[in-house]
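> I would like the atomic coordinates for the input below:
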Amino acid sequence: MSCHMLIKIPSSFEAWTLTWLMVISMFIGMVTVTYFYIRRKMKRKYLLAKIERRRSRRSSEESARNSQQADAFKVT
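Prediction:
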C-alpha cells in the first residue's frame, strides 16, 4: 500500500444499483401476483356466467317443450 492510493468513491449509479434492482424485482413480483389473482377471479366470473347462461337456456327450452306438449294434448 502506498500513501498515493485514493479511496474509491462510487458514482451514484454504482451506489444505487442494488437498491434499484431490489425495488424493481419486488414491483415485478407484486404485479405478477396481482395479475394471476385478477386472472383467476375473472375466469371464475366467466365460468359462473357461462353456467348461468346454460341454466337459462335449458329452462327456456324446457318451458317451450312443456308448452308444446301441453298444446299437443289440448282438446279444442
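> contacts, neighbours, all on C-alpha from now
Fine.
> Point out where the protein drops to low pLDDT.
Within the chain, the ranges that satisfy pLDDT under 70 run 1-2, 64, 66-76.
> quick one: the helices in it?
Here the chain has its helices, by DSSP state H, at 12-72.
> Which residue would you name as the spatial centre of it?
By C-alpha atoms, centre = their mean, the chain has its centre lying nearest to Arg39, at 1.6 Å.
> Any figure for the gap between Arg54 and Arg40?
Distance, Arg54 to Arg40, using C-alpha to C-alpha, to the nearest Å: 21 Å.
> And Ser63, by the same measure?
In terms of C-alpha to C-alpha, Ser63 sits 35 Å off from Arg40.
> now Phe13
Distance from Phe13 to Arg40, by C-alpha to C-alpha: 39 Å.
> These two: which has the busier surroundings?
Arg40 (12 against 9; other C-alpha atoms under 10 Å).
> can you tell me how far that one sits from Tyr46?
Arg40 is 10 Å from Tyr46, by C-alpha to C-alpha.
> what does Ser56 give?
Taken as C-alpha to C-alpha, the span from Ser56 to Tyr46 is 15 Å.
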